[in-house]
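In: here are the coordinates; sequence isn't available:
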């Protein structure tokens, strides 16, 4: 792992909020659950942009909680080309395989400067045993991650360039709004065109052309690192976007019941 920046200071006192918002989108957490999450995220650290966190074939020994910034899963081909296979946004959690110590089939790294909390495997397993509501919320999160991967496969295989980008932007907006990090139609978008190319399976030249088309059509505005969706319905129509794959509702736990992490 590359050099870690200093620990987050007092200004980051709300660092755990995206995690809480993310999990409460699935399950109502108790006050003690919330306090547990706050304690868990208290020792966050800053990592620079484009920092490798885990390499393919590494055996992860910690869960990684994303509190700020954009991280991703990715794979490199032998010719040096990279395919990004998932984004980890604020509120997302990378989990090690809990039942086995298996080597990763992908790599993990930051796209932008990030604030992360690394939770050792044993502590993370203990949290899931002691906090059934948090464990259940994480099960729901895993379901949406699997559904998101299927959407990305469909996006890459069956949609045109403008449709791919439109779908991706609709998804990012929805996910950031869930954690309170986007307004109705605007959010911070510090992603480079090279990263977009690796995400959407295009060249940088193609990405630039697609961005220009969406701008000309009056669908988006990109100013600095702020992206505004000017015509939300138009962008959704272009992408055939249906956010239902990101909405999973959990049945409330009965008193005394527990939730075991999915294998």
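Out: Sure thing, it's come through. This structure is a prediction, so every number in the text was calculated from the model and none was measured. Residues are numbered from 1 along each chain as shown.

In: what's the closest non-adjacent residue to residue 129?
Out: residue 135 (7.8 Å; Cβ to Cβ, 6 or more residues apart in numbering). Where C-beta positions appear, they are placed from N, C-alpha and C, glycine not excepted.

In: Could you verify my assumption that the one you found touches residue 125?
Out: No: using Cβ atoms under 8 Å as the test, residue 135 is too far from residue 125 to be in contact (10.1 Å).

In: Just the mean pLDDT for the helix or strand containing residue 64, thanks.
Out: When elements are assigned from DSSP states H and E, residue 64 belongs to strand 62-68. Regarding strand 62-68, the rounded mean pLDDT is 96.

In: still on that earlier bit, tell me the phi and psi of the residue nearest to residue 129?
Out: phi -60, psi -40 (degrees, to the nearest 10).

In: gap between it and residue 204?
Out: Relative to residue 204, residue 135 is positioned 42 Å away (Cβ to Cβ, to the nearest Å).

In: between these two, which one's more packed in?
Out: residue 135 (19 against 14; other Cβ atoms under 10 Å).

In: From residue 187, how far off is the more buried one?
Out: On the measure of Cβ to Cβ, residue 135 and residue 187 end up 30 Å apart.

In: same thing with residue 93?
Out: For residue 93, the distance to residue 187 (Cβ to Cβ) stands at 20 Å.

In: same deal with residue 234?
Out: For residue 234 relative to residue 187 (Cβ to Cβ), the value is 17 Å.

In: Same drill for these two, tell me which one is more crowded.
Out: residue 187 (20 against 16).

In: what residue is smack in the middle of the protein?
Out: With distances taken as Cα atoms, centre = their mean, the chain has residue 88 as the residue nearest its mean C-alpha position (2.3 Å).

In: residues in contact with it?
Out: 64, 66, 70-73, 94, 108 (Cβ atoms under 8 Å, 6 or more residues apart in numbering).

In: so what does the host helix or strand of residue 23 touch, helix or strand wise?
Out: In the assignment (DSSP H and E), residue 23 maps to helix 17-24. Secondary-structure packing of helix 17-24 (3 or more Cβ pairs under 8 Å, 6 or more residues apart in numbering; DSSP states H and E): helix 31-40, strand 62-68, helix 132-158.

In: got the angle between that helix and helix 132-158?
Out: Counting by axes from the mean of the first three to the mean of the last three Cα atoms, to 10 degrees, helix 17-24 lies at 90 degrees to helix 132-158.

In: which stretches of the protein aren't confidently modelled?
Out: The chain contains residues with pLDDT under 70 at 1-16, 248-263.

In: what about the helices in it?
Out: 17-24, 31-40, 121-130, 132-158, 161-178, 193-200, 204-216, 232-239 (DSSP state H).

In: how about those, which one is nearest residue 54?
Out: Closest approach to residue 54 among these (Cβ to Cβ): helix 121-130, 13.1 Å.

In: What lies in contact with that closest one?
Out: If you take Cβ under 8 Å, 6+ apart as the criterion, helix 121-130 is touched by 36, 40, 60-63, 95-96, 98, 119, 134-135, 138, 260-261.

In: try stretch 56-67
Out: Applying Cβ under 8 Å, 6+ apart, the external contacts of stretch 56-67 come out as 12, 15-16, 18-19, 40-41, 44, 53-54, 71, 75-76, 88-97, 101-108, 114-121, 124.

In: how about 7 Å then?
Out: 15-16, 18-19, 41, 44, 53-54, 75, 88-96, 101-107, 114-121, 124 (Cβ atoms under 7 Å, 6 or more residues apart in numbering).
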